[in-house]
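K.L.:
Provide a 3D model corresponding to the input given below.
(2 chains)
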Amino acid sequence: DTGVSQDPRHKITKRGQNVTFRCDPISEHNRLYWYRQTLGQGPEFLTYFQNEAQLEKSRLLSDRFSAERPKGSFSTLEIQRTEQGDSAMYLCASSLGHNEKLFFGSGTQLSVL
Amino acid sequence: QQQVKQSPQSLIVQKGGISIINCAYENTAFDYFPWYQQFPGKGPALLIAIRPDVSEKKEGRFTISFNKSAKQFSLHIMDSQPGDSATYFCAARARALTFGSGTRLQVQP
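P.N.:
Got it, this is the predicted structure:
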């Protein structure tokens, strides 16, 4: 499978715990995006990388959220001290460049109890 | 701040009918307008896209109509099929994609 892959597919955690998600973009795609989607809503932009540089962060991305793309390949999204409001589907997407098509992974469904 | 407004929220169409979903935007910096299809448990998948210098784009049964002056664009699905039943999102891009709130389409056999 050469698409965008995300791990894990599902994560259940208790409030206050830290969680980390991983995204492997399509090979050679230099842009990587993180989105969050809640039930019945469209995806909301969180942040994106051009290679290893994080170029933009949404105001939705509180200080508890941090994303990295250390070698310009895979990316991780960490949420510290999770809250129930963090429960959502976290989607990763990649593209070859700004003007290229965006391909999404299947997401990580986070449930905070 | 909802920069892309999508309607209707849900839509029921008979097999063979035409499904029409509408979106409106405000930000004139948007330069690319895709439509995504999403099935339960899956990420959104690109369906068709248009740039603002074109008023219409057709790919198979799917057509985007774009009205730059009105800041509106719509998706038409011709000969709708039960397999088209999914949630559809319009989106618009400045630096990153901004999505509409989605339309749940149900095509009845």
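K.L.:
okay, now residue 53: neighbour count?
P.N.:
The chain I'm using is chain A. Using other Cβ atoms under 10 Å in any protein chain shown, A:Ala53 is surrounded by 10 other residues. Backbone N, C-alpha and C define where each C-beta goes, glycine included.
K.L.:
nope, chain B please
P.N.:
B:Asp53 has 8 neighbours, counted by other Cβ under 10 Å.
K.L.:
can you say which helix or strand has it in it?
P.N.:
Here B:Asp53, judged by DSSP states H and E, is contained in no helix and no strand.
K.L.:
quick one, phi psi at it?
P.N.:
phi -90, psi 0 (degrees, to the nearest 10).
K.L.:
how far away is it from B:Lys68?
P.N.:
Separation of B:Asp53 from B:Lys68 (Cβ to Cβ, to the nearest Å): 8 Å.
K.L.:
ok now do the residue nearest the centre of chain A, which residues does it touch?
P.N.:
In chain A, the centroid-proximal residue (Cα atoms, centre = their mean) is A:Trp34; its distance is 3.5 Å. Taking Cβ atoms under 8 Å, 6 or more residues apart in numbering or on different chains as the contact definition, A:Trp34 lies against A:23, A:46-48, A:67, A:75, A:77, A:90-92.
K.L.:
can you give me the buried ones in the helix or strand hosting B:Lys57?
P.N.:
According to DSSP H and E, B:Lys57 maps onto strand B:56-59. Buried positions in strand B:56-59, judged by neighbour count with 16 or more other Cβ atoms under 10 Å in any protein chain shown: none.
K.L.:
sheet partners, orientation included, of the helix or strand just after it?
P.N.:
As assigned by DSSP H and E, the chain's next helix or strand after strand B:56-59 is strand B:62-67. Within its sheet, strand B:62-67 is paired with strand B:56-59 (antiparallel), strand B:72-77 (antiparallel), according to DSSP bridges.
K.L.:
can you point out the buried residues in strand B:62-67?
P.N.:
Neighbour-count burial for strand B:62-67, counted by 16+ other Cβ under 10 Å, picks out B:62-66.
K.L.:
how about the residues of chain B near chain A?
P.N.:
Residues of chain B lying close to chain A (Cβ under 8 Å from any Cβ of the partner chain) are B:4, B:6, B:32, B:34, B:36, B:41-46, B:49, B:89, B:91, B:95-102.
K.L.:
I'd like to know which of those are buried.
P.N.:
B:4, B:6, B:32, B:34, B:36, B:43-44, B:49, B:89, B:91, B:96-102.
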